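> The amino acid sequence is not available; the structure is as follows:
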């Protein structure tokens, strides 16, 4: 798997990259930079400076590595000519210390308590959402991540738009559907390539306008927008809702939908958009969800399904933190901070790709139920199962004898202890 992205590194840097990826995945303790060396079993063979230098000084680009992974995903996991679905979001990785580059007190959507605030580094992430034949839910595979710094000029929307334009240029000519939460809208998204559509949640305070009227032939600048239609609530009260079958979050339900074609002048300026309202209950008079999209052709039920796929990036954030220790590194310099979190997220992508291409077995879920019989409804392997299987493969390769012979008692005990640590039921993550 790692040989497929070898072209992003020099020969010495690639050896370090392969060792650190292996160490991060195999490590069941703290996934610091030295923890990666421990997971790879190289603490006695390599200086820890070699691992730190990979993030702080080595010549490689997280963006280019992510683009290479995106091409692998498209070629290996998607049908030929498939439309790409891209999820966009940001997340906070908590960090301590005054000298950590980019760390600040800021919004933390995953925080517990009445104030969703935490101190750390915030990364804007884009990932390809794919459906795998052995999973009932879609999975988001991160392919790019950049650090956002408060009060430093660029907004999160600016950073996301820049990454999306790069991704679209590297997949030139391929249709791309982008989904994001309500925080992602604004001027930076007006100039996305024509091959991209953007769908996000419409804020309740948005003001919608009718399409621009035809030219009158008189002198002066023609009108850029029509009459004021009002807020989403105003339009929903007068809209006609129709029942549709919608598939979202692994369930097919009957909901009521209404839509209108208009302008959201304050955000998308003169670009024509569709606004779709969703009601879960026939007795409601308002709406439960309002989406705005630049996709003018896809049916409304399919757009609801597409937007529901956005939640997969939230699941990816949680699993990358808990299972692979993304964001646990203690480095402080600018280059190291900007590279370590994308590296951890890419390890998540590499793990899922390895399992899909080389590790999946139809009996994996049944084996898990055999070990943990209380999971009576488990039918699909989880990402935890994928990580555990890859760890076991790494352990088996590490202890594979070069010369045929009987293993010693010490080697047997080492394998048994490492195998137990790799189990999803007992690993300390």
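Cool, got the structure. It should be emphasised that the depicted structure is a prediction, and the values quoted were computed from it without experimental measurement.

> Now residue 353: which helix or strand?
Here residue 353, judged by DSSP states H and E, is contained in helix 334-354.

> for that helix, packing partners?
helix 11-26, helix 48-56, helix 62-77, strand 117-130, strand 139-148, helix 311-324, helix 383-398 (3 or more C-beta pairs under 8 Å, 6 or more residues apart in numbering; DSSP states H and E). (C-beta placed from N, C-alpha, C; glycine too.)

> Let's have the ones you listed in a markdown table, adding mean pLDDT and mean neighbour count.
Formatted as a markdown table, the helices and strands packed on helix 334-354 follow (pLDDT from 0 to 100; neighbours: other C-beta atoms under 10 Å):
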| stretch | mean pLDDT | mean neighbour count |
| --- | --- | --- |
| helix 11-26 | 95 | 20 |
| helix 48-56 | 94 | 18 |
| helix 62-77 | 96 | 19 |
| strand 117-130 | 95 | 22 |
| strand 139-148 | 97 | 25 |
| helix 311-324 | 95 | 20 |
| helix 383-398 | 89 | 19 |
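
> what's across from residue 243 in the sheet?
Beta-bridge pairing of residue 243 under DSSP bridges involves residue 256.

> Could you report the neighbour count for it?
A total of 11 residues lie near residue 243 under the criterion other C-beta atoms under 10 Å.

> Next up, the contacts around it.
Contacts for residue 243 (C-beta atoms under 8 Å, 6 or more residues apart in numbering) come out as 254-256.

> try 10 Å this time
254-257, 279, 282 (C-beta atoms under 10 Å, 6 or more residues apart in numbering).

> Quick one: buried ones out of those residues?
255-257, 279 (16 or more other C-beta atoms under 10 Å).

> Quick one: closest of the helices and strands packed on helix 334-354 to residue 182.
Ranking these by proximity to residue 182 (C-beta to C-beta) places helix 311-324 first, at 13.7 Å.

> The helix holding residue 353 vs helix 383-398, what angle?
Following axes from the mean of the first three to the mean of the last three C-alpha atoms, to 10 degrees, one obtains 90 degrees for the angle between helix 334-354 and helix 383-398.

> List the buried residues for helix 334-354?
For helix 334-354, a neighbour-count test (16+ other C-beta under 10 Å) marks 336-354 as buried.

> secondary structure element for the nearest residue to residue 193 once chain neighbours are set aside?
Closest residue in space to residue 193, ignoring its immediate chain neighbours: residue 168 at 4.5 Å, by C-beta to C-beta, 6 or more residues apart in numbering. Using DSSP H and E, residue 168 sits in helix 156-170.

> Which elements pack onto that helix?
For helix 156-170, the elements it packs on are helix 62-77, strand 84-94, strand 117-130, strand 139-148, strand 176-180, strand 196-201, judged by 3 or more C-beta pairs under 10 Å, 6 or more residues apart in numbering; DSSP states H and E.

> Give me the buried positions along that helix.
156-164, 166-168, 170.

> do the same with stretch 190-209
Of all the residues in stretch 190-209, those buried under the rule 16+ other C-beta under 10 Å are 192, 195-203, 206-209.

> With stretch 226-239 instead?
Quick answer for stretch 226-239 (16+ other C-beta under 10 Å): 229, 231-232, 235-236, 239.

> neighbouring contacts of it?
So stretch 226-239 is in contact with 202-213, 256-260, 262-265, 275-279, 284-287, 290-292, going by C-beta under 10 Å, 6+ apart.

> In strands, which of those appear?
If you go by DSSP state E, the contacts of stretch 226-239 have 208-209, 256-260, 262-263, 275-279, 290-292 in strands.

> Now for residue 145: which residues touch it?
Contact analysis of residue 145 by C-beta under 10 Å, 6+ apart lists 62-63, 66, 90-91, 123-127, 159, 163, 326, 338-339, 341-346.

> meant to ask about residue 334, not that
Counting by C-beta under 10 Å, 6+ apart, residue 334 makes contact with 56, 101-102, 147.

> Now with 8 Å, please.
101-102 are the contacts of residue 334 under C-beta under 8 Å, 6+ apart.

> For it, give me the pLDDT.
The score at residue 334 is 94. That number is its pLDDT.

> any idea how far it is from residue 121?
11 Å (C-beta to C-beta, to the nearest Å).

> orientation of the helix or strand bottoming out on mean pLDDT in the chain relative to helix 383-398 in degrees?
In the chain, no helix or strand scores lower on mean pLDDT, DSSP states H and E than helix 409-422, which sits at a mean of 71. Counting by the same axes, to 10 degrees, helix 409-422 lies at 160 degrees to helix 383-398.

> what's helix 409-422 packed up against?
helix 383-398.

> The helix it packs on packs against which elements?
Right, helix 383-398 is packed against helix 11-26, helix 311-324, helix 334-354, helix 364-371, helix 409-422 by 3+ C-beta pairs under 8 Å, 6+ apart.

> Serialize those helices to a markdown table and add fields for distance to residue 177.
Formatted as a markdown table, these follow (distance: least, C-beta to C-beta, whole Å):
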| stretch | distance to residue 177 |
| --- | --- |
| helix 11-26 | 30 |
| helix 311-324 | 14 |
| helix 334-354 | 19 |
| helix 364-371 | 30 |
| helix 409-422 | 37 |
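
> what's the burial count for residue 2?
As a burial measure, residue 2 scores 14 neighbours (other C-beta under 10 Å).

> Per-residue pLDDT of it, please?
94.

> where does the chain dip in pLDDT?
For the chain, residues meeting the criterion pLDDT under 70 lie at 283-285, 399-408, 411-412, 419, 423-429.

> of all the helices and strands packed on helix 383-398, which lies closest to residue 225?
Taking the helices and strands packed on helix 383-398 one by one with C-beta to C-beta, helix 311-324 is closest: 32.9 Å.

> quick one: that closest one to chain centroid distance?
Chain-centre distance of helix 311-324: 8 Å, with C-alpha atoms, centre = their mean, to the nearest Å.

> relative orientation of that helix and helix 334-354 in degrees?
Going by the same axes, to 10 degrees, helix 311-324 makes 100 degrees with helix 334-354.

> Show me what helix 311-324 is packed up against.
For helix 311-324, the elements it packs on are strand 84-94, strand 117-130, strand 139-148, helix 334-354, helix 383-398, judged by 3+ C-beta pairs under 8 Å, 6+ apart.

> what about the ones you listed, which gets the closest to residue 309?
In terms of C-beta to C-beta, the element of those nearest to residue 309 is strand 117-130, at 4.9 Å.

> name the helices or strands packed onto that closest one?
With contacts taken as 3+ C-beta pairs under 8 Å, 6+ apart, strand 117-130 sits against helix 62-77, strand 84-94, strand 104-107, strand 139-148, helix 156-170, helix 311-324, helix 334-354.

> Throw those into a markdown table and include distance to residue 114, thanks.
A markdown table is the format used below for the helices and strands packed on strand 117-130 (distance: least, C-beta to C-beta, whole Å):
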| stretch | distance to residue 114 |
| --- | --- |
| helix 62-77 | 35 |
| strand 84-94 | 17 |
| strand 104-107 | 14 |
| strand 139-148 | 24 |
| helix 156-170 | 24 |
| helix 311-324 | 21 |
| helix 334-354 | 27 |
